[in-house]
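sequence-free structure coming up:
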């Protein structure tokens, strides 16, 4: 019984996970390159110990990728598990109760950067697999890809996957890197938004100036940038970029009704975030705004003096990171181009503007009629005692759309995260109950998948 | 002859100044408190060595102030020299060619934080005074105030000045902390703008969120802040704060014509700053926009992820430092209040906004019919071979308006800085020629002032 196996091995599972969490494998920061290599090697070791025939670290143009597999019979179906060993930066550090890379258990949850996203969630698959191998119950082939660049948009993985297409061949792709609606309302993601992420730089004068001597006569790049950002979204919450909505597929009334069945308490939502009001595109609900509609957010802004006290500077430059969530059928490269053209067209006289795209990715949809979906729904329904709801996810795992295309296999997003985990934020956490329920659900998934 | 004295002592002058420049006396940063005390003590030592009867460091509620004096005859007129020993922060450090607190001479200029503002300019007064004392030519009383908080708006000096009003009594206040139009077009400032400096904080959700999960449904504090900033200035370059212009005195056509006589080459100005266009309030020239009209500038902005690469965060908070230059007759406290009311009124639903005032100061005007102005004009005219032009300065030395009121004496702004010095910026510098011409002009000033 998987329940007993978890009970007998839980301390070991946590100790092994904590070893992974202690490695600050932040893919976006060059200084953490050695940690990336360390994490990749550690994952290969863990996968081999769990029962894989082989586990190897493959170099890519960027951070390495870990691949492992156990082939029991070439004629049996194959599951490809996708997870990632890289994590988001941990700043602002001062807001963490305990250090991000020193995992701690408090109030029934693991606190650490990556506790959920995606070390905690990815590790559930390795432990469910270990159980099936050790108890002789594995009845299909299993392959693992542990990506090192998910948080920076997986720039190297597609090329590597194309080059290793045969090795990666599979029937379905299984991923735990998303949230469910609630512990009491389990859900499975059937679609995700894509992403187009840009960085902009506005230059006014060629040097920082004294605001007393020049203020009033020179375009201030911060004021200008603020005005340009403000023009990107109109009064109805719609993005003003020309052509932005051209490829957005409007859902039918029936489709919207089906998705609307997922329970949502707006008062709880507002209370959780401590806001007096929700906002967004007119004519859509909060769930629709985050699930089936595109959006634009400034993810970061900086310029001028940001230290203690006051400095009367009229700065030379101002910067912002601006990203758009896109929906299936929108193309992230096309959107990046439309953004650039539009943003440059907003520049007034007196400034120079530069737009640089960061990573992007397509959105995608998974059919709920598939064996993989049905098996996951049955497993989760058994563990949670209630059938899961199909939902649309607002986040992006850009590489999954690529893998879907390269390997001609559907990704299933069987996520066990919760909103309260605040992934990407200080004090990221992962509930122990979700961690153990996840392992149990995945083990059951394999049983029903191969029935 | 002052020329000979400078020639014979120039190396010593520079060595002494460099000792002052090496102290990172940044008043706005708490960590530099020991440097502030060190700088104050050093200035007292230098003033005593230059010939003062006494020089003392006075504690205030903030950083100490240095006072020194030489009284030759109570019945003779008294000049009060105001200067400051504190400097602006030096960041961004990576843009400095040589470290900000390791002064260097390159291409005929001193490079260091404070080379001009105000250690370089203030030191000219000490050396001109030294010359007059050592050659027995001093014919009036001289007092020195060396402020330690000018760059943070001199919060402590007015109270200290009121408490020490008798000790500070004087006929005129002499200050070198401003620029002249050009080496070939010397000028004297007859008026300065005041300042009202605010910090704003916009809070959206109570924690940083994943932009994929929440983007589109929650007010993003950076987008909101950008919109609020954009609304502060209208299409005609006018500040939209209600009542902002109520106390602005419109200059007569004649006054504007007189100020317009100061030469100004817009092409040179644009070339110097590498901008394709000047901007500002409609109906005014560049010189008027920086001299006689108020303005509003964002001095700093920050929020969300500002590091390397991309982070898909929907941040909890965004911040900005926003300052307004005000003109004589506008009251900085009233303007701060109007700003706060107006800014809060711009907040949309879904965010909380906090406004905190930093320092402020009044603008002021000095009469050109005074003996002190005439003496300075004659001295500068003799050294530069051309009569100086009266001009209006855009910068602020807020405390001078206070001293003018407390001591009932007019401040004269005899500045020798140049635009090229880029005070407050990386690579602040001060031309050696201006430094030595300044010492010479000040020595001659005392001669004509006491004739």
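Received, thanks. Just so it is clear, the model here is predicted, and its values are computed rather than measured.

Tell me where the model's unsure across chain A.
A:394-396 (pLDDT under 70).

Quickly list the domain ranges of it.
A:2-192+A:363-449, A:195-257+A:281-361 (automatic domain parsing).

want to throw those into TSV with distance to chain B?
For every residue, glycine as well, the C-beta is placed using N, CA and C. Output for the domains of chain A, formatted as TSV (distance: least, Cβ to the nearest Cβ, whole Å):
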stretch	distance to chain B
domain A:2-192+A:363-449	3
domain A:195-257+A:281-361	3
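
Select, out of those domains, the one closest to residue B:227.
Among those, domain A:195-257+A:281-361 comes nearest to residue B:227, with 4.2 Å by Cβ to Cβ.

Quote the end-to-end distance of the closest one.
One end of domain A:195-257+A:281-361 sits 5 Å from the other (Cα to Cα, to the nearest Å).

Can you tell me, leaving aside adjacent residues, what's nearest to residue A:105?
The shortest distance from residue A:105 to any non-neighbouring residue, by Cβ to Cβ, 6 or more residues apart in numbering or on different chains, is to residue A:432 (7.1 Å).

That neighbour: neighbour count?
16 (other Cβ atoms under 10 Å in any protein chain shown).

re earlier: so which of the domains of chain A is nearest residue B:86?
domain A:195-257+A:281-361 (11.2 Å).

which phi and psi does the nearest residue in space to residue A:101 that is not next to it in sequence have?
Spatial nearest neighbour of residue A:101, chain neighbours left out: residue A:24 (4.8 Å); criterion: Cβ to Cβ, 6+ apart. Backbone torsions for residue A:24, taken as degrees, to the nearest 10, come to phi -80, psi 70.

do you know how far residue A:24 is from residue A:410?
Taking Cβ to Cβ, to the nearest Å as the measure, residue A:24 falls 33 Å from residue A:410.

Which of the domains of chain A sits closest to residue B:343?
domain A:195-257+A:281-361 (13.1 Å).

Figure out how far that closest one is from the centre of its chain.
21 Å (Cα atoms, centre = their mean, to the nearest Å).

swap in stretch A:440-451?
On Cα atoms, centre = their mean, the centre of stretch A:440-451 falls 24 Å from that of its chain.

Only the buried residues of it, if you could.
Within stretch A:440-451, the residues scored as buried using 16 or more other Cβ atoms under 10 Å in any protein chain shown are A:440, A:441, A:442, A:443, A:444, A:445, A:446, A:447, A:448, A:449, A:450.

ok, and what's touching that stretch?
Stretch A:440-451 is contacted from outside by A:2-3, A:6, A:76-77, A:79, A:124-125, A:128, A:131-132, A:137-140, A:172, A:174, A:176, A:371-372, A:374-376, A:378-380, A:382-384, A:414, A:416, using Cβ atoms under 8 Å, 6 or more residues apart in numbering or on different chains.

Sort out for me which of those residues are in strands.
Using DSSP state E, the members of those that fall in strands are A:79, A:172, A:174.

Can you lay out those as CSV showing neighbour count?
Output for the ones in strands among the contacts of stretch A:440-451, formatted as CSV (neighbours: other Cβ atoms under 10 Å in any protein chain shown):
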residue, neighbour count
A:79, 24
A:172, 23
A:174, 26
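
Dump those to JSON lines, plus distance to residue B:65.
Converted to JSON lines, the ones in strands among the contacts of stretch A:440-451 look like this (distance: Cβ to Cβ, whole Å):
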{"residue": "A:79", "distance to residue B:65": "75"}
{"residue": "A:172", "distance to residue B:65": "76"}
{"residue": "A:174", "distance to residue B:65": "71"}
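
show me where the stretch 301-450 of chain A has strands.
A:313-314, A:317-326, A:352-361, A:364-365, A:389-393, A:410-413, A:429-431 (DSSP state E, counting those that start in this stretch).

what about the last one, distance to the chain center?
This means strand A:429-431. 16 Å.

What is the burial count for residue A:412?
Burial of residue A:412 is recorded as 28 neighbouring residues (other Cβ under 10 Å).

Contacts only, for it.
For residue A:412, the contact set (Cβ under 8 Å, 6+ apart) comprises A:172, A:173, A:174, A:175, A:188, A:366, A:370, A:372, A:373, A:376.

again, 6 Å this time
Going by Cβ atoms under 6 Å, 6 or more residues apart in numbering or on different chains, residue A:412 touches A:174, A:366, A:372, A:376.

Ok, residue A:50 next?
A:126, A:129, A:130.

picking up where we left off before, sort out for me which of the buried residues of stretch A:440-451 are in helices.
A:440, A:441, A:442, A:443, A:444, A:445, A:446, A:447, A:448, A:449 (DSSP state H).

For the stretch 1-150 of chain A, which segments are assigned as strands?
Using DSSP E, counting those that start in this stretch, the strands of the stretch 1-150 of chain A run over residues A:54-58, A:65-70, A:78-84, A:104-106, A:109-111, A:141-147.

Please report how far residue A:94 lies from residue A:427.
12 Å.

The two: which has the busier surroundings?
When residue A:94 and residue A:427 are compared for neighbours, residue A:427 comes out ahead with 19 against 6, by other Cβ under 10 Å.

Just confirm residue A:87 contacts residue A:114, I think it does.
Yes - applying Cβ atoms under 6 Å as the test, residue A:87 and residue A:114 come out as touching, 4.0 Å apart.

Among those two, which residue is more densely surrounded?
residue A:114 (34 against 30).

Name all residues that make contact with the more buried one.
A:21, A:87.

if we go to 7 Å?
When contacts are counted by Cβ atoms under 7 Å, 6 or more residues apart in numbering or on different chains, residue A:114 is found next to A:21, A:87, A:120.

distance of the closest residue to residue A:17 other than its chain neighbours from residue A:188?
Sequence neighbours aside, residue A:123 is the residue nearest to residue A:17 in space, at 5.0 Å (criterion: Cβ to Cβ, 6+ apart). Note on residue A:123: its distance to residue A:188, by Cβ to Cβ, is 20 Å.

Which one's more surrounded, these two?
When residue A:123 and residue A:188 are compared for neighbours, residue A:123 comes out ahead with 26 against 21, by other Cβ under 10 Å.

That one touches residue A:19, doesn't it?
No - the pair residue A:123 / residue A:19 is not scored as a contact, 10.3 Å apart, by Cβ atoms under 7 Å.
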